[in-house]
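Visitor: From the sequence below, what's the structure:
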Amino acid sequence: MERVRTTAQLAFLKGHGTENDFVIVPDPDNTVDLPASAVAALCDRRAGIGGDGLLHVVRSAAHPEARTMAGEAEWFMDYRNADGSTVEMCGNGVRVFARYLQRAGLVEDGDIAVATRGGVKQVHLAKGDDGDITVSMGRAVLPEDGVTVTVGGRSWPARNVNMGNPHAVAFVEDLEHAGDLYTAPAFSPAAVYPTGVNVEFVVDRGERHVAMRVHERGAGETRSCGTGACAVAVAAARRDGVDPSVTGAPVTYTVDVLGGRLMITERPDGGIEMTGPAVIVAAGTIDADWWETALD
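Guide: Just a heads-up that it's a prediction; the model follows:
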């Protein structure tokens, strides 16, 4: 099928989940050409639409990376970072992706499946378009390899957590110690994360209640990170001596992010659920001349 280079009718939407914001490009048949340079142009906050990333909405059967999942999930979240690079998963992105499908009438309220590069995710959509959305995020993997994260003259040990994408979780006394997070915090040994890592800095706010800041690889500091919030909740639980697989009881942590609040529950079977808002804020079409320039 021919890829689209330019059209006056190339549609987009803008949405966010706890202020982690995304450009949404509906493309059911996977005909839109989206090279990294064009994605970066769309996500540019001054010269483009602006976003922490891009949600390319494609039927699983139409995308070579998702065809094997088409029997489980009709829709594939082809997620791109703001710099145009691909990534395995985005927790806030899945909620916004599902909200778009709901708004467009492509799915019914209730339970749906969404294919991602991190596997098929189960999503629960409450009735109506203003309720929280719950995503089954899968299980956390806790590699034994530890790392040290450094910002300025301070260093902290960080817990290695994988949520389909890599995270380093550091508990600190003050979130300001994370610095500006425009550039990626240094970590060692470098071999632990050969393709980079999302780094979360975490402080306690109360019993089973934490707050975080995050540097997302390929995006810089973002207002929220869903997989990061899950990694933080698991790391906090283990730090606090809580493991649902041992106690047989689920544990829930409230995770405050710069853009709002997420509730993260880890169940005895290891499954992690993330609950939070998702909002569509605008819809329009991309100017054909601008798009042609972005593709060059």
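Visitor: in which helix or strand would I find residue 187?
Guide: strand 186-188 (DSSP states H and E).
Visitor: tell me which residues in that strand are buried?
Guide: Within strand 186-188, the residues that count as buried by 16 or more other CB atoms under 10 Å are residue 187. Placement of C-beta: from N, CA and C, glycine included.
Visitor: ok, now stretch 72-91?
Guide: Applying 16+ other CB under 10 Å to stretch 72-91 flags 73-82, 84-85, 87-91 as buried.
Visitor: just the CA coordinates of it, formatted as PDB?
Guide: Extracted C-alpha coordinates of stretch 72-91, given in PDB (Å, rounded to 0.1, in the frame of the first residue of the first chain):
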ATOM      1  CA  GLU A  72      -5.500 -10.600  20.400                       C
ATOM      2  CA  ALA A  73      -5.800  -6.900  19.700                       C
ATOM      3  CA  GLU A  74      -7.300  -5.100  16.800                       C
ATOM      4  CA  TRP A  75      -5.400  -1.800  17.400                       C
ATOM      5  CA  PHE A  76      -1.600  -1.200  17.700                       C
ATOM      6  CA  MET A  77      -0.100   1.700  19.500                       C
ATOM      7  CA  ASP A  78       2.900   2.600  17.300                       C
ATOM      8  CA  TYR A  79       4.500   4.900  19.900                       C
ATOM      9  CA  ARG A  80       7.300   7.300  19.100                       C
ATOM     10  CA  ASN A  81       9.400   9.500  21.400                       C
ATOM     11  CA  ALA A  82       9.500  13.200  20.800                       C
ATOM     12  CA  ASP A  83      12.800  12.700  18.900                       C
ATOM     13  CA  GLY A  84      11.200  10.200  16.600                       C
ATOM     14  CA  SER A  85      12.700   7.100  18.100                       C
ATOM     15  CA  THR A  86      10.500   4.100  18.800                       C
ATOM     16  CA  VAL A  87      10.000   2.700  22.300                       C
ATOM     17  CA  GLU A  88       8.500  -0.400  23.800                       C
ATOM     18  CA  MET A  89       5.700   1.000  25.900                       C
ATOM     19  CA  CYS A  90       4.200   4.200  27.300                       C
ATOM     20  CA  GLY A  91       1.700   3.800  30.100                       C
END
